[in-house]
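*Asks:* Turn this into a model:
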Amino acid sequence: MERRVVITGLGAITPLGNNVEDFWKGIKEGKCGIDQITKFDTTDFKVKIAGEVKGYNPEDYFERREAKRLDLFSQYAMISAREAWKDSNLDKEKENMERVGVIIGSGIGGIQTIEIENKKCNEKGPDRVSPMYIPMGILNMATGNVAIDIGAKGESMAMVTACASGTHCIGESFRMIKHGYQDIVLAGGTEAGITPLSIAGFTNIKALTKAEDKNRASIPFDKERNGFVMAEGAGVVVLEEYEHAKNRGAKIYAEIVGYGATSDAYHITSPAPGGEGGARAMKLAMEEANVKPEEITYINAHGTSTQLNDSCETQAIKTALGEENAKKVMVSSTKSHTGHLLGAAGAVETIVCSKAIEEGFVPATINYKVPDEECDLDIVPNEGRKHEIIYAMSNSLGFGGHNSSILLKKVK
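*Replies:* As a prediction, the model looks like this:
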């Protein structure tokens with residue numbers, strides 16, 4: 001028997017705030033969390049801005065010795081997971097922790113540690129490389145560290161699908177619970193990629209904007225868009241079997257009712273023409289949920305602010321929903337507020353959809369000025385709207401042609 005799956009806990013650390021409350025407040029107020037890069041000297045770099053986490057001190061969350069053994073991407077994941085677990089009101093003394101899983105992905109994992117230790121190896125020799133290099137740098141360690149921290153002994157893994165990682169992790173966790181393999185899963189994504197090598201690599205593949213005005217940099221669906229803004233942080237949600245949540249009187253933010261995942265099988269960085277792979281992912285999510293296109297109120301778009309993504313995603317939405325319904329649905333990209341959190345983006349945007357459903361508020365696409373005839377959807381420009389949301393969809397699309405969509409429903 002298939003089981004219902006609900007979201008009962010939220011945790012986030014983002015360029016807009018180091019917890020869900022502050023993050024969501026920034027979204028509702030239309031704030032932009034993008035600013036000058038402070039993590040390293042950008043004198044020789046063409047890109048000068050990013051969405052950094054602000055005012056972060058590891059020792060506010062970890063003992064000094066522990067923090068030194070955790071790459072930043074693991075730290076962000078653990079902070080978000082702790083917040084989500086606390087928010088869910090779950091008690092590990094009362095739960096069968098062997099039925100609690102963890103799936104947290106990342107696009108590039110411990111890149112900060114990799115850069116530091118590579119420099120040591122080249123400049124000071126191999127004997128100077130830290131023995132913690134491997135357990136700090138490998139990508140599964142966000143999941144591993146969260147499982148250890150929370151005491152989760154169920155299925156534990158990390159999914160890596162570039163910028164679709166967070167959504168894939170949540171979608172696969174949904175399936176695990178739906179089909180009875182787990183009762184509870186902490187799912188999401190984390191990223192700490194604002195480093196010299198990472199910024200240089202994304203710059204040279206021509207993915208990042210070189211704009212220096214933070215309010216005209218991450219501008220999804222705007223005709224003047226010319227690349228995305230790198231961001232960092234994490235988002236984790238607690239997914240739980242509905243009856244389990246109901247029996248313990250849990251607060252339910254939303255129900256996950258559909259999930260679609262596809263591959264473009266087309267190109268390593270460019271989306272398939274017309275966004276056909278993304279369209280199929282959206283259709284699969286709607287089919288699983290038995291939801292008609294006209295029932296969807298809001299789509300949180302992948303909306304990266306690159307020329308190809310935004311025009312192809314517009315076409316994908318039209319293909320999946322039909323031209324008429326696509327013009328009616330409210331679509332926004334909250335990457336206009338945060339920048340692009342890569343592997344954490346989908347998880348943070350699932351939190352946006354959960355809060356949007358809870359409060360009946362559709363976030364805006366901020367800093368929008370110049371309409372693009374190729375992106376002719378209702379992108380909720382510049383000001384959010386009070387509106388009841390019954391069904392919300394979140395899209396994530398990653399390098400390598402990975403597409404994922406999840407569909408959330410208001411639980412009445």
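
*Asks:* can we go C-alpha only for contacts and neighbour counts from here?
*Replies:* Fine.

*Asks:* For Ile379, give me its contacts.
*Replies:* By C-alpha atoms under 8 Å, 6 or more residues apart in numbering, the residues touching Ile379 are Phe221, Met330, Val331, Ser332, Ser333, Ala364, Thr365.

*Asks:* Confirm the first one sits in a helix?
*Replies:* No - judged by DSSP: H, G, I helix; E, B strand; the rest coil, Phe221 forms no part of a helix; its state is coil.

*Asks:* re the thing from before, would you mind giving the contacts of Ile379 as a markdown table with pLDDT and distance to His402 added?
*Replies:* Below are the contacts of Ile379 laid out as a markdown table (pLDDT from 0 to 100; distance: C-alpha to C-alpha, whole Å):
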| residue | pLDDT | distance to His402 |
| --- | --- | --- |
| Phe221 | 98 | 21 |
| Met330 | 98 | 24 |
| Val331 | 98 | 21 |
| Ser332 | 98 | 21 |
| Ser333 | 98 | 19 |
| Ala364 | 98 | 26 |
| Thr365 | 98 | 24 |
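
*Asks:* out of those, what pair is the most spread apart?
*Replies:* Using C-alpha to C-alpha, the two most remote members of these are Phe221 and Met330, lying 13.3 Å apart.

*Asks:* Domain parsing of the chain, as residue ranges.
*Replies:* Structurally, the chain divides into domains by automatic domain parsing as follows: 7-247, 258-409.

*Asks:* Surely Val53 and Asn19 touch.
*Replies:* No - Val53 is beyond contact range of Asn19, at 10.7 Å (criterion: C-alpha atoms under 8 Å).

*Asks:* element containing Ser74?
*Replies:* In the assignment (DSSP states H and E), Ser74 maps to helix 72-88.

*Asks:* cool, and Leu90?
*Replies:* With DSSP H and E as criterion, Leu90 is part of no helix or strand.

*Asks:* Neighbour count for Phe221 and Met330, which is higher?
*Replies:* Phe221 (33 against 22; other C-alpha atoms under 10 Å).

*Asks:* ok so, going back, pull out the buried positions in the helix or strand following the helix holding Ser74.
*Replies:* Next along the chain after helix 72-88, taking DSSP H and E as the criterion, comes strand 100-105. Neighbour-count burial for strand 100-105, counted by 16 or more other C-alpha atoms under 10 Å, picks out Val100, Gly101, Val102, Ile103, Ile104, Gly105.

*Asks:* partner strands of strand 100-105, parallel or antiparallel?
*Replies:* Strand 100-105 pairs in its sheet with strand 156-157 (parallel), strand 184-191 (parallel), by DSSP bridges.

*Asks:* right, so those: which one is the most enclosed?
*Replies:* strand 184-191 (a mean of 35; mean count of other C-alpha atoms under 10 Å).

*Asks:* model confidence over that one, on average?
*Replies:* If you average the pLDDT over strand 184-191, you get 98.

*Asks:* Export that strand to CSV, keeping only CA atoms.
*Replies:* In CSV, the C-alpha atoms belonging to strand 184-191 read as follows (Å, rounded to 0.1, in the frame of the first residue of the first chain):
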residue,chain,number,x,y,z
ILE,A,184,11.1,9.6,8.4
VAL,A,185,13.8,11.1,6.2
LEU,A,186,15.9,14.3,6.6
ALA,A,187,16.3,15.4,3.0
GLY,A,188,17.9,18.3,1.2
GLY,A,189,21.0,19.9,-0.2
THR,A,190,24.1,21.9,0.9
GLU,A,191,26.7,23.9,-0.8
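
*Asks:* tell me the angle of it relative to helix 72-88?
*Replies:* Counting by axes from the mean of the first three to the mean of the last three C-alpha atoms, to 10 degrees, strand 184-191 lies at 140 degrees to helix 72-88.

*Asks:* mind checking how far the helix or strand following strand 184-191 is from the chain centre?
*Replies:* For strand 184-191, the succeeding helix or strand toward the C-terminus, using DSSP H and E, is helix 196-204. In terms of C-alpha atoms, centre = their mean, to the nearest Å, the centre of helix 196-204 is found 20 Å from the chain centre.

*Asks:* do the same with stretch 247-260
*Replies:* Worked out by C-alpha atoms, centre = their mean, stretch 247-260 lies 18 Å from the chain centre.

*Asks:* How about residues contacting that stretch?
*Replies:* Residues outside stretch 247-260 that contact it (C-alpha under 8 Å, 6+ apart) are 4-9, 88-89, 171, 174, 245, 280-289, 354-355, 357-358, 403-411.

*Asks:* Any of the residues you listed buried? List them.
*Replies:* Using 16+ other C-alpha under 10 Å as the burial test, the contacts of stretch 247-260 include 4-9, 88, 171, 174, 245, 280-287, 289, 354-355, 357-358, 403-410 as buried.
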